[in-house]
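*Asks:* how would this look folded up:
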Amino acid sequence: MQDVIELTLRYRPEILKSNKQLSVDTVIELVQDGTLIAFLAEREGGELGYRSFRDQAEYYRDKFKLEIAAMADMDDLVEYHARRNLYVHNSGVVNSRYWEAVRGSQASAGDRLKITSEYWGEVHRALSSVATHVRDHLTRKFGPKLRRSGT
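*Replies:* This is a model prediction of the structure:
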């Protein structure tokens, strides 16, 4: 999904308008290299990836009038994201960040959550559905330039 967002922002840079700032040195370098828009799009996409899943869904809603939860249950998506973070950053062991993200979890601190083939199948189906929805929505909304890119 991050790739689709970055591609959309490259072809529709007006969406990038914000109060974020760059140093003059950075702007001059990026303009001289012809990479200013690409840099801004990558920065936006990268920053989005560090937000909570609920915040990411809000970003999609605000920027693109796109409802992520239209294709999968938001609580499930939040749990998938939180469990992914547990495995990447904490060897799958439940911590306070997981509890903050996954309200009402039955897991206890120190538990190592498993990823069974059944769980993986659920995640794969849900995320594939959401990613396809995002791609299709942005392609319809922002047009043929996105279609020609091959995404």
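*Asks:* ok, which stretches of this structure are helices?
*Replies:* Assigned helices in the chain, in chain order: 2-11, 24-33, 36-49, 53-64, 74-90, 96-101, 117-142, 144-148 (criterion: DSSP state H).
*Asks:* Out of those, which is the most enclosed?
*Replies:* With neighbours defined as mean count of other C-beta atoms under 10 Å, the helices of the chain peak in mean count at helix 2-11, which reaches a mean of 20. All C-beta atoms are positioned from the backbone trio N, CA, C, and that covers glycine.
*Asks:* residues contacting the spatially most central residue of the chain?
*Replies:* In the chain, the C-alpha nearest the mean C-alpha coordinate belongs to Gly49, at 4.8 Å (C-alpha atoms, centre = their mean). The neighbours of Gly49, taking C-beta atoms under 8 Å, 6 or more residues apart in numbering as the test, are 2, 56.
*Asks:* Would you check that Ala70 makes contact with Asp136?
*Replies:* No. Using C-beta atoms under 8 Å as the test, Ala70 is too far from Asp136 to be in contact (11.3 Å).
*Asks:* how much space between the residue lying farthest from the centre of the chain and Asp111?
*Replies:* For the chain, the C-alpha lying farthest from the average C-alpha position belongs to Gln32; by C-alpha atoms, centre = their mean, that distance is 29.7 Å. For Gln32, the distance to Asp111 (C-beta to C-beta, to the nearest Å) stands at 52 Å.
*Asks:* Same check on Leu30?
*Replies:* 46 Å.
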